[in-house]
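> model this:
(one chain, ligands or ions: 1)
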Amino acid sequence: MKKVLFVTSEAHPLIKTGGLADVSGSLPKALAELSQDVRLIIPKYQALKISGELRYVCSLRVDNKNVKILETRMPGSPVTVWLVDYPGYFNYPGNPYVDELGEPWPNNAERFALFCRTVVEVAMDRVHQDWKPDVVHCNDWQSGLVPALLSLEYDRPSTVFTIHNMAYQGLFPGTTAATLNMPGQLMHPLGLEFHSMLSFIKGGLVYSDYITTVSPTYALEIQTPEFGYGLEGLLDHRKEFLGGIINGIDLDQWNPKTDTLISQNFTESTLSKKQVNKSALQKKMGLPVNGRIPLFGLIGRLVEQKGIDLILDSLPEMLTMPLQFVLLGSGDKAYEKLLEALAQSYPDKIALNIGYNEELAHSIEAGADIFLMPSRFEPCGLNQMYSQRYGTIPIVRKTGGLADTVVDALPHTIADNTATGIIFNEATAGSLLESVKRALLLYSNAEIWIKLQTAGMKKDFSWQQSAQRYLAVYNNL
Ligand code: ADP
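The predicted structure is shown next:
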């Protein structure tokens, strides 16, 4: 049995901005089910949704500040959660990283450096809990300083660093290193320095014993300039200690058979019932209720990564086709405005919900026929897996986890019942449009469509598989 300290800046259902929260909510649970002793550590933000009791664990002095550790439990699991309580840094409303205007909190470097230093104290059991982890598993730049700082400790636990998205690196001006009292041994170009800046993510990439990312294809992609953002050389250098493990999905939360957030439960043997969800979604979103018209869905952050510009460029032509489009998301204000204008001009075809809405996300997965995910890059991606589980055919670009989890509908994959979606290569509107047309053609053939739906719904996207792979990584350290 391994003792694992899982370090994260978000975890569903406590707080979530993206896929990292899903992983942090599910992986520790899945590891606990494999009889591992996992504890999760996260900052105590104001917006944390804590249910149940909150226990005081201890107080400690970190970088001249009085920090408290509190303890709760991951809802619905035996996983212990330690909260790093320092109200001056974490008791901010809303999003963990940005203010209400979407600007990063000005003291993010200080906030997450304090978090990392506190994690090191816990990892070395200087908090006297009689619990020293074998492995400290860090995630993304917010915990990147942990492997770096631990590398300076004698008799330290092993460290694993998981990249959920290379695009977010925690880069700060070089002077920040002094503000944060970073040890001099770490401040050089082969350490935390990146072009005279301080890079939090490099702490994980340089100093962790093993690096993982969230899909095998993304693990290869980040070793190239297009996806590595200048760190491809470092990643290539460390490739022996770098691997991709695809995320699972929460099969309880995303289960069309039992989902309480959708109008009508269904399975692959009662697929016709999915229609009820389609009409309900059309009704809810103010679209004409029509069982035959193909309904496209999209859920996600409205940012360049997700290929929203490709959608915007494709919509004029898509709007000449017989289809409807439901979109849920928020992000870049310019994208939001352009989409809003289109939705206003075509109220019978486009329905838009700007915001974050979990219930509607479930309704879209259940009610849409086709799910669009034209990402420019996608470390893993979750929605394409949810879609397959809900009999909603994903159209994805061939990148990262999308390439690893969707099987393109080609004559031979349709014939052998492995096809589950539609894949296109180029990040261009033309390429996307071609795949949309391909989807419409397949949709018009009910027999083939049901084959695709059934194959997707039968796929195993469980966390058990992924957790086994992480456990193998821990055991090999
Ligand atoms: P990323 O982590 O890059 O945002 P992922 O596909 O890995 O993308 O994970 C995004 C998660 O957040 C999914 O569970 C998705 O359903 C959810 N999500 C994103 N935007 C919204 C939204 N506006 N409303 C509800 N859920 C959302």
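> CA atoms for contacts and neighbours, from now on please.
Fine.
> Pull up the residues of this protein that are close to the ligand.
18-20, 299-301, 328-330, 355-358, 361, 380-383 (C-alpha under 6 Å from any ligand atom).
> The same query, at a cut-off of 5 Å, please.
Gly18, Gly19, Gly300, Gly329, Tyr356, Asn357, Glu358, Gly381, Leu382, Asn383 (C-alpha under 5 Å from any ligand atom).
> just the buried members of the residues you listed?
Gly18, Gly19, Gly300, Gly329, Tyr356, Gly381, Leu382, Asn383 (16 or more other C-alpha atoms under 10 Å).
> Could you pull up the residues touching Met318?
Leu433 (C-alpha atoms under 8 Å, 6 or more residues apart in numbering).
> What confidence value was assigned to it?
Note on Met318: pLDDT of 96.
> do the same with Asp460
Asp460 carries a pLDDT score of 94 in this model.
> quick check, it in a strand?
No - according to DSSP: H, G, I helix; E, B strand; the rest coil, the state of Asp460 is coil, so it is not within a strand.
> residues near it, how many?
Other residues lying near Asp460 total 14 when counted by other C-alpha atoms under 10 Å.
> Check whether the closest residue in space to Lys283 that isn't next to it in sequence sits in a helix, strand or coil.
Distances taken as C-alpha to C-alpha, 6 or more residues apart in numbering place Val289 nearest to Lys283, at 6.2 Å, with adjacent residues excluded. At Val289, secondary structure determined by three-state DSSP is coil.
> How much space separates Val289 from Lys349?
Per C-alpha to C-alpha, to the nearest Å, Val289 is found 11 Å from Lys349.
> Which one's more surrounded, the two?
Neighbours were counted for Val289 and for Lys349 using other C-alpha under 10 Å; Lys349 has more, 23 against 16.
> Next one: the more buried one relative to Leu342, how far apart?
Distance from Lys349 to Leu342, by C-alpha to C-alpha: 10 Å.
> helix/strand/coil for Ala219?
Ala219 ends up helix, using three-state DSSP.
> Can you report phi and psi for the residue nearest to it when sequence neighbours are not counted?
In space, and not counting its chain neighbours, Ala219 is closest to Gly244: 5.3 Å by C-alpha to C-alpha, 6+ apart. Note on Gly244: its backbone torsions stand at phi -110, psi 130 [degrees, to the nearest 10].
> does Gly244 have beta-bridge partners, and which?
The partner list for Gly244 in beta bridges (DSSP bridges) reads Thr213.
> List the contacts of it.
Taking C-alpha under 8 Å, 6+ apart, one finds Thr212, Thr213, Val214, Ser215, Pro216, Thr217, Tyr218, Ala219 in contact with Gly244.
> if we can go back for a sec, in a markdown table: the residues of the chain next to the ligand, plus secondary structure and pLDDT.
What follows is those, written out as a markdown table (DSSP: H, G, I helix; E, B strand; the rest coil; pLDDT from 0 to 100):
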| residue | secondary structure | pLDDT |
| --- | --- | --- |
| Gly18 | coil | 85 |
| Gly19 | helix | 86 |
| Gly300 | strand | 94 |
| Gly329 | strand | 97 |
| Tyr356 | coil | 91 |
| Asn357 | coil | 94 |
| Glu358 | helix | 92 |
| Gly381 | coil | 95 |
| Leu382 | coil | 93 |
| Asn383 | helix | 96 |
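> Any chance of JSON lines for those, columns distance to Gln169?
Listed next are the residues of the chain next to the ligand as JSON lines, based on distance: C-alpha to C-alpha, whole Å:
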{"residue": "Gly18", "distance to Gln169": "16"}
{"residue": "Gly19", "distance to Gln169": "16"}
{"residue": "Gly300", "distance to Gln169": "21"}
{"residue": "Gly329", "distance to Gln169": "23"}
{"residue": "Tyr356", "distance to Gln169": "24"}
{"residue": "Asn357", "distance to Gln169": "27"}
{"residue": "Glu358", "distance to Gln169": "27"}
{"residue": "Gly381", "distance to Gln169": "19"}
{"residue": "Leu382", "distance to Gln169": "21"}
{"residue": "Asn383", "distance to Gln169": "23"}
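> From the residues you listed, pick the one nearest Lys284.
Asn357 (13.3 Å; C-alpha to C-alpha).
> Chain neighbours aside, what residue packs nearest to that closest one?
Leu328 (7.8 Å).
> Can you tell me the SS state at that neighbour?
Once three-state DSSP is applied, Leu328 turns out strand.
> What's opposite it in the beta bridge?
Ile299, Asn353.
> So it is in contact with Leu352, correct?
Yes - with contacts counted by C-alpha atoms under 8 Å, Leu328 reaches Leu352, the gap being 6.1 Å.
> Am I right that Leu27 sits in a helix?
Yes - assigned with three-state DSSP, Leu27 falls within a helix.
> how near is it to Ser462?
10 Å.
> Just want to know which of these two has more residues nearby.
For Leu27 versus Ser462, neighbours defined as other C-alpha under 10 Å are more numerous around Leu27 (22 against 16).
> quick one, what contacts the more buried one?
Trp463, Ala467.
> got a pLDDT number for it?
pLDDT, Leu27: 96.
> Distance check, it against the ligand.
14 Å (C-alpha to the nearest ligand atom, to the nearest Å).
> same check, this time on Leu83
On the measure of C-alpha to the nearest ligand atom, Leu83 and the ligand end up 22 Å apart.
> Would you mind confirming that that residue is in contact with Ile41?
Yes - with contact defined as C-alpha under 8 Å, Leu83 and Ile41 form a contacting pair (5.8 Å).
> First-to-last residue distance for stretch 449-469?
Stretch 449-469: ends 33 Å apart by C-alpha to C-alpha.
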